[in-house]
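A.B. asks: let me see the structure of the following:
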Amino acid sequence: MTWLPDVARWYLVLLAVTWAWAPAVRWLVPGLPDGGASVARPIGLLATVWLAWFPASLGVVPYSTNLLASMVLVGALVGWTTALRRQAIDRQWLRAMAVTEVVGLVAFAAVVWLHGFTPNLVGTEKPMDIAFLSSSARAVAMPPPDPWFAGVSINYYYLGYVVLGSVTRLAGVAATSAFALGLATVFSMALVAAGGVAFNAVRPRLGRRAAWAAGAVAAFAVMVAGNLYAPLALVRNGQATLDAFWWDKAVGIGWRASRIVCDGPRVANDCRLPSVETINEFPFFSVLLGDLHPHLMALPYTLVALTLALAVANRLDRTTGPPDIARMAISGALVGALYAMNSWDFPTYLAILVAAVLFRWWPNVRRAVAMASVTVVAAIAAWAPFFALYAPPTGSTARGGVPVLSRLAATVGFWPGERTSVGEYLTIFGVPYLVALAFLTVEWLSLSGRATVDRASYLGPGIAVSVVAILLGAPVWIVAGYPLIAAVIRLRLRHDRSPATYATALFAVGFALSLVVELFYLRDVFESRMNTLFKVYYQVWVLFAVAAAVAVPCLWQRVRTPAAKVSFAAAAAVSLLAMAAYPAVASWQWTDHLSRWQGIDGIAYLRSANPDELGAIRWLQTHATTSDRLLEAAGCSYEPNGQMPFNRASAYSGVPTLIGWGNNHQPQWRAGQPGLLAEIPRREADVARIFADPSGELAKQDGITLLYVGTYETGEWQHLCPTAGPYPGIRQPGFPGPGWQSVYDSPTVRVYRRADTG
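C.D. replies: As a prediction, this is how the structure comes out:
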């Protein structure tokens, strides 16, 4: 059980950060029934990181483990001293903290256990994720260095990696083991936060039992549930689906459940060119696959945003004193982190928070606008260094002095292709959609008679929705448009602080987003709506899941007869069973029927696959300095599929290499940086030149301090990647020549250090 000390140290860091910042979080969200317990961990982690990140981003201090530890101490001293002085600690809050800790620990342990069956950091984009995590865990400046573009910082929404990298360094865990622990941490925080926001929405009006039920449904619906592809496949062809390989696109569900919407016809159940296959991941799929991507790492913080919006909207007072201004500034800064964590989430959740601010201070227009302005300014100002340096890949063809409208046209495009069908949309969102229909129908019927005339004024929007749907062939405009109109009517005519209002508002945002992506997309390097649909539907999943969880007890409250209660319970049971089909079956298939638990070390597979490579990477993890630059083969994205990836040395150690994954990923990340984009082929050529003459001037010009000579530098790999080995210079007598000394030597892998950098 060599993995157990790493797990223990990691979780002790989480405990320390959570409890250090818990009193401050409670102050931030006054009035919430759980006292902020459900979001104490993600907020505490972000507060710790921000206090170190901001001055490091300005170049004032280096980013360091000691600085992070001191920020935890500052949070604890200020928060607990203030809370004890004001006698703000009570048993109810401590009980809430304890309950969320238990739930979080169970969720954390469950994912550590599940991921332990498939921990290998190979395939898909895991090499990219571990590369960014490894770099963040050893960075001394912000942004962290790009591990695959030596001398340049990461140009990506990297904050999630920095948050988990900070826990990695505080816990003293290798990044290749921290990957599994980070995945479990994200799942645990998101599950607890999802349950917490539903609990807090329901508890004041509907009581404790209803709140617990809502919280449990939200936690399950957001983080555990699957879409309806799995149950439908099991009904159609049960045994074949159960026996299928996880990746099987014909009858399998593992991968195929994340690729529902095909913009074009399918062939043999496969979306092939010229059709455009979109991405329709949902949280459990992301967790099971183990891709520690920004959209997954941001999930806890999108739920923090919903919690903050609820806390603001539920406040009855409209004061604007210093405490209120401070709370709104901090809330804005927390939501602003989403731009640096997963930029797609930022506008949606900032808009939700601003709407809550306006709701609280309305109808005093001046105060409402002032507090909303504080929120927005804080969201941007707190992360100003990221806003200033990040060059998005969208609209990269229109920069500099190009007029605003032209830049907008280069960033946002009108989607002319095939649009989502009703079947595709309901396969993804079917269960919460049916809950929304039932809930909005009940809410509509409950509106008083005075609304009858007012309803007629919504005939125009209904006609407009129908016209768009017919003219553009966008049936989702009817499926989502009519419920959106109903939700808007409900919010206009009844905008109290009830759970029903909160659920209606979240449903409305989800339906509005569903309409937008049928017409528009962000023009990135893919020049399709593949990525737009992916990131927006991920938001809709969360919004619908939380809204449905809050709506269910509201509906139950209106059920009167025993027969109706039985029918309601049966429908709920069938829905939960359908949503449980994917996590149950796909997990069984992904783990090869839970055949062998392997631990949390993501590169332990190299012990048998290539022990010499493992030894060299371990040497880099232990001995490389933060000023080192590595030369290894200029590898390609995703290859070799399912095996040790190209650019493995830099990915697993975090030591920057001259160029990595230059054929696909670097062009995406550098699309908004034309100068660096043009440098990619030059760097790929430099790799071969330096391996031909390591003692020449080029190695010094590119700052190379370490030469890595292993599998992909000496073997025949150009059939998979034209820029990879073999490099003939390595076989020359006397390689690497004067000025280099051997620091790691094994039969198949060698590492050399430039003598003047030892």
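
A.B. asks: what's the burial count for L4?
C.D. replies: A count of neighbours around L4, defined by other Cβ atoms under 10 Å, yields 10. C-beta coordinates here come from the backbone N, C-alpha and C atoms, glycine included.

A.B. asks: sorry, wrong one. I was asking about L447.
C.D. replies: Neighbours around L447, by other Cβ under 10 Å: 15.

A.B. asks: for the closest residue to it other than its chain neighbours, give me the pLDDT.
C.D. replies: With sequence-adjacent residues excluded and distances taken as Cβ to Cβ, 6 or more residues apart in numbering, L447 is closest to L493, at 5.6 Å. At L493, the model reports a pLDDT of 86.

A.B. asks: give me the distance between L493 and G195.
C.D. replies: Here L493 is placed at a distance of 30 Å from G195 (Cβ to Cβ, to the nearest Å).

A.B. asks: neighbour-wise, which of these two wins?
C.D. replies: Set L493 next to G195 and count neighbours by other Cβ under 10 Å: G195 wins out with 31 against 15.

A.B. asks: how close does the more buried one sit to L303?
C.D. replies: Using Cβ to Cβ, G195 is found at 9 Å from L303.

A.B. asks: any low-confidence regions in this structure?
C.D. replies: Across the chain, the ranges flagged by pLDDT under 70 are 1, 395-409, 448-457, 758.

A.B. asks: for it, what spans make up the strands?
C.D. replies: Using DSSP state E, the strands of the chain run over residues 262-263, 276-277, 412-414, 520-522, 630-631, 706-709, 740-745, 750-754.

A.B. asks: a markdown table please, covering these and showing mean neighbour count.
C.D. replies: As requested, these are arranged in a markdown table below (neighbours: other Cβ atoms under 10 Å):
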| stretch | mean neighbour count |
| --- | --- |
| strand 262-263 | 20 |
| strand 276-277 | 18 |
| strand 412-414 | 14 |
| strand 520-522 | 19 |
| strand 630-631 | 26 |
| strand 706-709 | 25 |
| strand 740-745 | 15 |
| strand 750-754 | 21 |
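
A.B. asks: out of those, which is closest to W444?
C.D. replies: For W444, the closest of these is strand 520-522, at 29.1 Å, according to Cβ to Cβ.

A.B. asks: can you name every helix or strand that that closest one contacts?
C.D. replies: Secondary-structure packing of strand 520-522 (3 or more Cβ pairs under 8 Å, 6 or more residues apart in numbering; DSSP states H and E): strand 412-414, helix 530-558.

A.B. asks: select the longest helix from this protein.
C.D. replies: Ordering each helix of the chain by length in residues (DSSP state H) puts helix 175-206 first.

A.B. asks: buried stuff in that helix?
C.D. replies: 175-203, 205-206 (16 or more other Cβ atoms under 10 Å).

A.B. asks: any idea of the angle that helix forms with helix 530-558?
C.D. replies: Relative orientation of helix 175-206 versus helix 530-558 (axes from the mean of the first three to the mean of the last three Cα atoms, to 10 degrees): 30 degrees.

A.B. asks: where does helix 175-206 sit relative to the chain's centre, distance-wise?
C.D. replies: Its chain's average C-alpha position is 13 Å from that of helix 175-206, according to Cα atoms, centre = their mean, to the nearest Å.

A.B. asks: show me what contacts L170?
C.D. replies: Listed by Cβ atoms under 8 Å, 6 or more residues apart in numbering, the contact partners of L170 are 13, 65, 68-69, 72.
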